[in-house]
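Peer 1: For reference, the sequence and a predicted model appear below.
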Amino acid sequence: MPLTRRGAGSSAPQEKLALVIPALREAGNLRLLLGRVRAVLAQLEIAFEILVVDDDSRDGTHEIVSAIAVEDTRVRLLVRTGERGLAGAVVHGWRHTDATILGVMDADGQHPAEAVPELVTAILGGRDLVIGSRYVQPGGGKGWHPFRGLLSAAGIMATRPLHTGVRDPLSGFFVVRRQCVENMFFQPTGFKLLLEILVRGRIGSVEEVPFAFGGRMAGRSKLSIRVVWDYLALLFRLYCARLGIARSPQPSSGD
């Protein structure tokens, strides 16, 4: 299904940010993270909402986020059932908002809430896409297990022919103008939505903002063989499209 704007009208909308936080068994992190994100976004002079997209975790996420949403209506919970995939969860959240600026960050605490205002400020300054980058400055992945660092470096190297000038095309921490991705179809599985946006989106200007990749607050990593397979499938599809071997995803007749 396409990424379209809910309740789109004919008049030019005011700027609004929708920050999606995909969650799969992340109940141990959400209360603290949402408190930090709400605090930093409240300092910005822009309307915003925070959308927690839960892939039916059944770990207390529903109760935690629902309680916070009662206190702050800018926090919303969306639950997906029978579906998995971080990219799909992000797009699901973006489809359920009328915001002009779309963002995403992880629920595990590895993306610092304090860096969000800098990303949003750069977008408001005229950028189409602003990436929280681990590699703009040396040592962005400091503290990683050596295997994870090697895997990340190899994954980024494999993307080089597909785009130009971006140091961290696999980041899961970024904001983008809706108009740059509106009505596009994205691979619903996998973790690397940013790469697909870089290759297929209507992106005119990109900025990378350095941040220090932190440690997971609670819970377990979702990295698995399936995640690696989904990434390889995305790479294959993007290379085929670039070489004219296959078309990009086409609209389906259903919603």
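Peer 2: That came through, no problem.
Peer 1: would you list every one of the helices in the stretch 151-255 of the chain?
Peer 2: 193-200, 225-243 (DSSP state H, counting those that start in this stretch).
Peer 1: Does anything pack onto the first one? Which helices or strands?
Peer 2: In terms of contact count using 3 or more CB pairs under 8 Å, 6 or more residues apart in numbering; DSSP states H and E, helix 193-200 is assigned the packing partners helix 86-95, strand 129-133, helix 225-243. C-beta here means a position set from N, CA and C on the backbone, and glycine is covered the same way.
Peer 1: So which of these is nearest L32?
Peer 2: Distance to L32, taken as CB to CB, is lowest for strand 129-133 among the helices and strands packed on helix 193-200, at 18.9 Å.
Peer 1: Need the residue closest to the centroid of this structure.
Peer 2: V104 (3.3 Å; CA atoms, centre = their mean).
Peer 1: separation between L232 and V37?
Peer 2: L232 sits 32 Å away from V37, going by CB to CB, to the nearest Å.
Peer 1: higher neighbour count, these two?
Peer 2: V37 (20 against 13; other CB atoms under 10 Å).
Peer 1: ok, now which ones touch the more buried one?
Peer 2: 19, 21, 50, 105, 113, 116 (CB atoms under 8 Å, 6 or more residues apart in numbering).
Peer 1: which residues touch the closest residue to the fourth one other than its chain neighbours?
Peer 2: Using CB to CB, 6 or more residues apart in numbering and skipping residues adjacent in sequence, the residue nearest M105 is H111, 4.2 Å away. Under the criterion of CB under 8 Å, 6+ apart, the contact list for H111 reads 105, 132, 172-173, 211, 213-214.
Peer 1: Strands - which of those residues land there?
Peer 2: G132 (DSSP state E).
Peer 1: of the contacts of H111, buried ones?
Peer 2: Buried subset of these (neighbour count, 16 or more other CB atoms under 10 Å): 105, 132, 172-173, 211, 213.
Peer 1: quick one on the thing from earlier: how near is the residue nearest to the centre of the chain to I203?
Peer 2: 16 Å.
Peer 1: can you name the two of the contacts of H111 that are farthest apart?
Peer 2: G172 and G214 (13.0 Å).
Peer 1: Distance of M157 relative to L235?
Peer 2: Using CB to CB, M157 is found at 11 Å from L235.
Peer 1: Could you do G125 as well?
Peer 2: Taking CB to CB, one finds G125 at 32 Å from L235.
Peer 1: Give the residue from those two that has the larger number of neighbours.
Peer 2: Using other CB under 10 Å, the more surrounded residue of G125 and L235 is L235, with 17 against 10.
Peer 1: Report the helix or strand with the lowest average pLDDT across the chain.
Peer 2: helix 146-157 (a mean of 67; mean pLDDT, DSSP states H and E).
Peer 1: what's the helix or strand for P22?
Peer 2: strand 16-23 (DSSP states H and E).
Peer 1: Report the angle between that strand and helix 86-95.
Peer 2: In terms of direction (axes from the mean of the first three to the mean of the last three CA atoms, to 10 degrees), strand 16-23 departs from helix 86-95 by 150 degrees.
Peer 1: Pull out the buried residues from strand 16-23.
Peer 2: Those would be 16-23, for strand 16-23 by 16+ other CB under 10 Å.
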